[in-house]
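> From the sequence below, what's the structure:
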Amino acid sequence: MIERIEDLSKADQTTRRALAIVLMREVLPLLDMLGENIAAGHLQLAIDTVMRDGESVHTEGSC
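Model (predicted):
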């Protein structure tokens, strides 16, 4: 994984976004396995947000 992060400085934004999604998806099953349902839900929301490709999302009460 370190190699992926070191090469990231040379990557374009689309590639960096894709890597972020891949890494988050790798962690999601681990959180589920640990019973960390709230954290898994927040991570899924983060994945969904990044996948919207920069589309602005505002929910009531968010910063």
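> can we go C-alpha only for contacts and neighbour counts from here?
Noted.
> L23 is in what secondary structure piece?
For L23, the enclosing helix or strand under DSSP states H and E is helix 13-33.
> Please list all residues in contact with A20.
Counting by CA atoms under 8 Å, 6 or more residues apart in numbering, A20 makes contact with nothing.
> ok, now how distant is it from D12?
Distance, A20 to D12, by CA to CA, to the nearest Å: 12 Å.
> Pull out the buried residues from stretch 35-46.
By neighbour count on 16 or more other CA atoms under 10 Å, the buried set for stretch 35-46 is A40, L43, Q44.
> With respect to L31, which of those residues is nearest?
Nearest to L31 among the buried residues of stretch 35-46: A40, at 5.7 Å, using CA to CA.
> any weak-confidence spans in this structure?
1-10, 53-63 (pLDDT under 70).
> helices or strands next to the helix or strand just after the helix holding L23 in the packing?
With elements assigned by DSSP H and E, the helix or strand that comes after helix 13-33 is helix 37-51. In this structure, helix 37-51 packs against helix 13-33, with contacts taken as 3 or more CA pairs under 8 Å, 6 or more residues apart in numbering; DSSP states H and E.
> which ones are touching P29?
By CA under 8 Å, 6+ apart, P29 lies in contact with nothing.
> Report the separation between L19 and I38.
For L19, the distance to I38 - CA to CA - is 23 Å.
> what number of residues lie near the closest residue to Q44 other than its chain neighbours?
Among residues not flanking Q44 along the chain, L28 sits closest, at 7.5 Å (CA to CA, 6 or more residues apart in numbering). By other CA atoms under 10 Å, the residues close to L28 number 19.
> Double-check L28 against A40; I have them as touching.
Yes - the criterion here is CA atoms under 8 Å, and L28 meets it with A40 at 5.9 Å.
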